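Peer 1: Turn this into a model:
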Amino acid sequence: MLLDFEQPIAALEGKLAEMKKLASESQVDVSVAVLALEEKIKSLKKETYANLTRWQRVQLSRHTERPYTLDYIKGLSSSFVELHGDRNVKDDKAMVGGFGEIAGQTVMFIGQQKGRNTKERQFRNFGMANPEGYRKALRLMKLAEKFNKPIITLIDTPGAFPGLEAEERGQGEAIARNLKEMFMLKVPVICIIIGEGASGGALGIGIGDRVFMLENSWYSVISPENCSTILWRSWDYKEQSAEALKLTATDMLGNKLVDGIIKEPLGGAHVNPEKMMVTLKKKLVETLEELQALDPEERIMQRIEKFSAMGVVEE
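Peer 2: Numbering: from 1, shown residues only. Here you go, the predicted structure:
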């Protein structure tokens with residue numbers, strides 16, 4: 001899938017393919033021209049991805065080939081045992097979790113899962129969890145705490161499911177309880193925003209000792225489209241909304257709402273998923289080592305103080 005701002009790069013790559021085909025089918029030496037064009041493509045890629053608008057970052061975060069939660073878990077962990085259900089209503093397929101192993105250490109993975117095609121998207125409810133999804137996540141967090149295992153959450157959701165049935169089953173209460181309980185977990189908690197981080201749906205598994213964002217992810221109280229709909233009664237102003245929301249990883253780090261940005265391969269995580277896994281795994285191992293050196297009570301106090309310091313209050 002090509003995004004609109006990637007069209008010029010694709011056009012040059014098409015010309016490069018034609019030149020290489022010509023060289024293979026004839027005796028014409030085009031090696032100098034090929035090298036020059038490869039350098040031009042490399043330069044254009046660097047310039048393009050270094051100067052993306054906020055809306056273009058949102059588009060990249062939603063790329064259909066981008067790795068999802070289960071892709072990351074399988075790439076990071078040599079063994080993963082998925083656990084199901086909230087022990088109350090049902091198993092929410094939009095929220096996945098279970099024990100896995102990273103660098104020889106058992107951890108609890110939890111995250112929202114989207115689908116690749118129409119059938120999968122419906123099965124996963126487009127990554128929008130119901131209350132039982134958040135209660136399932138909390139059950140798994142408490143299980144990890146019981147066995148003294150670190151928790152890693154992978155956030156990728158357009159928001160918590162807003163349907164009437166979700167509200168009837170206590171969507172707001174489920175998310176609020178998760179916020180409260182996550183502050184008091186005695187084990188290390190690392191949260192990674194891997195794609196979309198929208199509203200309370202993201203926050204419901206987003207309270208951690210360290211919160212990181214992938215370079216082309218976003219984190220906001222509302223999506224640009226919904227913001228545009230509320231303010232202008234139309235989706236036509238989504239680009240302006242994205243600029244006003246300041247929702248990119250750079251914006252969030254600048255406002256001290258996240259603890260760091262994890263670089264992606266040039267062009268996005270989907271261009272080179274293997275490289276992305278290596279980069280993310282290295283960061284997780286380093287952070288786990290840092291957090292496990294702290295006393296549990298000290299970790300909890302630092303977690304509370306970090307979130308309490310967010311925002312500005314004017315009298």
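
Peer 1: Would you point out the helix or strand in the protein whose mean pLDDT is lowest?
Peer 2: In the chain, no helix or strand scores lower on mean pLDDT, DSSP states H and E than helix 7-25, which sits at a mean of 85.

Peer 1: could I have that one exported to CSV, CA atoms only?
Peer 2: The C-alpha coordinates for helix 7-25 follow below in CSV (Å, rounded to 0.1, in the frame of the first residue of the first chain):
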residue,chain,number,x,y,z
GLN,A,7,4.4,8.4,-4.7
PRO,A,8,7.5,10.3,-5.9
ILE,A,9,9.7,7.6,-4.2
ALA,A,10,7.7,4.8,-5.9
ALA,A,11,8.1,6.5,-9.3
LEU,A,12,11.9,6.6,-9.0
GLU,A,13,12.0,3.0,-7.7
GLY,A,14,10.0,2.1,-10.8
LYS,A,15,12.5,3.8,-13.1
LEU,A,16,15.3,2.0,-11.2
ALA,A,17,13.7,-1.4,-11.8
GLU,A,18,13.3,-0.6,-15.5
MET,A,19,17.0,0.3,-15.7
LYS,A,20,18.1,-2.9,-14.0
LYS,A,21,15.9,-4.9,-16.3
LEU,A,22,17.4,-3.2,-19.3
ALA,A,23,20.9,-4.0,-18.1
SER,A,24,20.0,-7.6,-17.6
GLU,A,25,18.4,-8.0,-21.0
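
Peer 1: chain center to it, what's the gap?
Peer 2: 33 Å (CA atoms, centre = their mean, to the nearest Å).

Peer 1: got the contact list for it?
Peer 2: With CB atoms under 8 Å, 6 or more residues apart in numbering as the test, helix 7-25 has contacts from 2, 28-31, 33-34, 37-38, 40-41, 44-45, 48. In this view, the C-beta of every residue, glycine as well, is placed from N, C-alpha and C.

Peer 1: Next: stretch 70-81.
Peer 2: 67, 96, 98-102, 107, 109, 111, 113, 154, 194, 273-274, 276-277, 280-281, 284.

Peer 1: Could you tell me which residues within it count as buried?
Peer 2: Residues of stretch 70-81 classed as buried by neighbour count (16 or more other CB atoms under 10 Å): 70-73, 76-77, 80.

Peer 1: got these as JSON lines, with distance to residue 146 columns?
Peer 2: Compiled in JSON lines, the buried residues of stretch 70-81 are given as follows (distance: CB to CB, whole Å):
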{"residue": "70", "distance to residue 146": "24"}
{"residue": "71", "distance to residue 146": "28"}
{"residue": "72", "distance to residue 146": "25"}
{"residue": "73", "distance to residue 146": "21"}
{"residue": "76", "distance to residue 146": "23"}
{"residue": "77", "distance to residue 146": "20"}
{"residue": "80", "distance to residue 146": "19"}
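
Peer 1: Contact partners for residue 54?
Peer 2: When contacts are counted by CB under 8 Å, 6+ apart, residue 54 touches 218, 239, 242-243, 245-248, 251.

Peer 1: Now do the strands in the stretch 51-200 of the chain.
Peer 2: With DSSP state E, counting those that start in this stretch as the criterion, the stretch 51-200 of the chain has strands at 80-82, 95-102, 105-112, 151-157, 189-198.

Peer 1: Out of the buried residues of stretch 70-81, the closest to residue 203 would be?
Peer 2: residue 72 (19.7 Å; CB to CB).

Peer 1: OK, contacts around the spatially most central residue of the chain?
Peer 2: In the chain, the residue lying closest to the centroid (CA atoms, centre = their mean) is residue 194, at 1.6 Å. Counting by CB under 8 Å, 6+ apart, residue 194 makes contact with 67-69, 72, 111, 154-156, 214, 217, 269.
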